[in-house]
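Asker: Sequence first, predicted model second:
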Amino acid sequence: MVTLAEVAQHAGVSASTVSYVLSGKRSISMNTRQRVEESIRELGYHPNAGARALASSRSNIIALMIPLRTDMYVPVMMEIAIAVATTARAHGYDVLLLTGEEGPDAVRRVAGSGLADGMILMDVELEDERLPLLRGGAAPDGARPGVPADQPAVLIGLPADTSGLTCVDLDFRATGALCVEHLAKLGHRDVAVIGEAPAVYERHTGFAERTLDGLRSGARESGVRLLHRPCEGGYDAMALTLARILDERPDTTGFVVQNESAVEPLLALLRQQGRAVPEDVSVVAVCPEQVAVQASVRLTSVAIPAQEMGRYAVEHLVAKLDGRDGDEVVLLAPELTVRASSGPAPSRA
């Protein structure tokens, strides 16, 4: 195993200089830094993680809290997680993945044990019970103390109150408005929203609630009648939801889908009923690009920028760890891509 002393000898510098290059604690000239980094690459030196943690009081680990629930679309969550992991490695950090639904207990454990230098939290609810801990306060029930207020954290998602927090997310409110405005411009006046599973709304998950707010405000401004129905996804659940929608609003000609697992069942059911897309019915989805382009009808959609969200979250957390970043909210602007699933509303006799 290559030692730090061997790197120093190869680069023609002192061992302390190599240490300063690795830790960034002192300013080192560009030529010296490049020489040390070249020696590290040539010799294949890997700093001992335990020694680095003792020397710097850092673990060089980022904790990613990503509860894997059955009512969430796991591929999107995993795409974000992969972006977090690859970006973290580029900054010299490894990722500790926490997938359980532990809530505040997981925040306490990570912060209190020093397992990680900072945290990234996903699946953020409007009144998320983890947030008082990140602000350094007590737990919601007051039964247990909070975690140190200087524990850096970034949320991928937006709670109702963002004060004292750093958040990165797609602007889901603007996303909802954009979808309904697109259909309104095509002449659709009765639009149904195929939403997430009911449990997602029962938890008041931020992205789902904000999308619905945007849809409703866009519908009011555009003179569109909007009907929202949650759906578990899958063929049977979609069949029941579609039947209910068409029974309540038989003149529905536009659908907005925010449930990836409902996309193909909806398209299949419309075909079975003889409703052509987009001649009879238009469909717009909020989903990953891959889902939109691989659907049986290429979907007009707003893509979920999973990679950007993961990358920005890590970059902001690293900046906070280095003392270069304050609290802020970063909302990524939605972009609607028009494809084959949306067209003018059919004329009524």
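Answerer: On my side now, so go ahead.

Asker: C-alpha from now on. contacts and neighbour counts both.
Answerer: Will do.

Asker: Check the closest residue to residue 281 other than its chain neighbours and give its pLDDT.
Answerer: Take residue 281 and drop its neighbours on the chain: the residue closest to it by Cα to Cα, 6 or more residues apart in numbering is residue 253, 4.7 Å away. You'll see residue 253 listed with a pLDDT of 98.

Asker: give the contact list for residue 253.
Answerer: Shown in contact with residue 253 (Cα atoms under 8 Å, 6 or more residues apart in numbering): 188, 189, 190, 191, 280, 281, 282, 345, 346.

Asker: Which one among these sits at the bottom for pLDDT?
Answerer: Lowest model confidence among the contacts of residue 253 falls on residue 346, which carries 94.

Asker: Contact partners for that one?
Answerer: Taking Cα under 8 Å, 6+ apart as the criterion, residue 346 is in contact with 253, 279, 280, 281.

Asker: These, buried ones only, as a PyMOL selection?
Answerer: Buried subset of the contacts of residue 346, written as a PyMOL selection, criterion 16 or more other Cα atoms under 10 Å:
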select buried, resi 253+280+281
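
Asker: burial measure for residue 240, as a count.
Answerer: Applying other Cα atoms under 10 Å, we find 11 residues neighbouring residue 240.

Asker: Spell out which helix or strand contains it, please.
Answerer: Using DSSP states H and E, the element containing residue 240 is helix 235-248.

Asker: can you list contacts of that helix?
Answerer: 192, 227, 229, 230, 231, 232, 252, 262, 265, 266, 269.

Asker: so where's the chain shaky on pLDDT?
Answerer: Applying pLDDT under 70 to the chain picks out residues 23-25, 47-57, 136-150, 349.

Asker: Tell me how far residue 274 lies from residue 263.
Answerer: Distance of residue 274 to residue 263, given as Cα to Cα, to the nearest Å: 17 Å.

Asker: same question but for residue 93, I mixed them up
Answerer: Taking Cα to Cα, one finds residue 93 at 37 Å from residue 263.

Asker: Taking the contacts of residue 346, tell me the two that lie furthest apart.
Answerer: 253 and 279 (9.5 Å; Cα to Cα).

Asker: got any residues that touch both of these two?
Answerer: Contacts common to residue 253 and residue 279, judged by Cα under 8 Å, 6+ apart, are 345, 346.

Asker: what pairs with residue 329 across the strands?
Answerer: Residues in a beta bridge with residue 329, per DSSP bridges, are residue 167.

Asker: Can you give me every residue that contacts it?
Answerer: Residue 329 is in contact with 162, 165, 166, 167, 168, counting by Cα under 8 Å, 6+ apart.

Asker: Please identify the buried residues of stretch 267-286?
Answerer: Quick answer for stretch 267-286 (16+ other Cα under 10 Å): 267, 269-270, 275, 277-278, 280-286.

Asker: From these, which land in helices?
Answerer: Of the positions in the buried residues of stretch 267-286, 267, 269, 270 sit in helices, assigned by DSSP state H.

Asker: Is the last one in contact with residue 276, as I believe?
Answerer: Yes. Counting by Cα atoms under 8 Å, residue 270 touches residue 276, with 7.0 Å between them.

Asker: Which neighbours do the two have in common?
Answerer: Common neighbours of residue 270 and residue 276, counting by Cα under 8 Å, 6+ apart, are absent.

Asker: Report the distance from stretch 190-208 to the chain centre.
Answerer: Distance, stretch centre to chain centre, for stretch 190-208: 16 Å (Cα atoms, centre = their mean, to the nearest Å).

Asker: now the end-to-end length of that stretch.
Answerer: From its first residue to its last, stretch 190-208 covers 21 Å (Cα to Cα).
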